[in-house]
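**Q** just to be clear, the model below is a prediction. Sequence and coordinates:
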Amino acid sequence: MNVGDTLPPLEIPVTRTLIVAGAIASRDYQDVHHDAALAQEKGSPDIFMNILTTNGLVGRYITDHLGPRAVLRKVAIRLGAPNYPGDTMTLTGTVTAVLGNTVEIRVVGANGIGHHVTGTVTAEVPA
């Protein structure tokens, strides 16, 4: 890997099932992640994905590319536009640093209304 290399994009359909299952799996029982009527009462047009699901999808994106022996050492992400059901999030990545077996990758996850997630992932890739 070299600085400037790009990872192939990964398109993830944002389904109601993905949002609810991710919230349940991460024990996030906030109603905005599973109850559309209550989410709307709080000003959201629908339920939306939680940060732990997003974090897991970012990790999957990196390890799918780097392989099963890669170890994520640091994941630093920031959420932006919500992921609502019916949209698609496309993850892209660019290598920003390489030092020995350690690589840093800038990740962006975009959907129909903007950047859902931005951040960096530092991973160790055994030789």
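**A** That came through, no problem. Numbering: from 1, shown residues only.

**Q** state the mean pLDDT of the helix or strand harbouring V58.
**A** Element membership for V58, per DSSP states H and E: helix 51-66. Over the span of helix 51-66, the pLDDT mean works out to 97.

**Q** what does stretch 82-89 give?
**A** Confidence over stretch 82-89 (mean pLDDT, whole number) is 98.

**Q** next: stretch 32-41.
**A** 94.

**Q** so what touches that stretch?
**A** Outside stretch 32-41, the residues that touch it by CB atoms under 8 Å, 6 or more residues apart in numbering are 19-20, 22-24, 31, 42, 44-50. Quick note: C-beta positions are derived from backbone N, CA and C, even for glycine.

**Q** out of the residues you listed, which end up buried?
**A** I19, V20, G22, A23, D46, I47, F48, M49, N50 (16 or more other CB atoms under 10 Å).

**Q** for the contacts of stretch 32-41, work out which two are farthest apart.
**A** The most widely separated members of these, counting by CB to CB, are I24 and P45 (21.6 Å).
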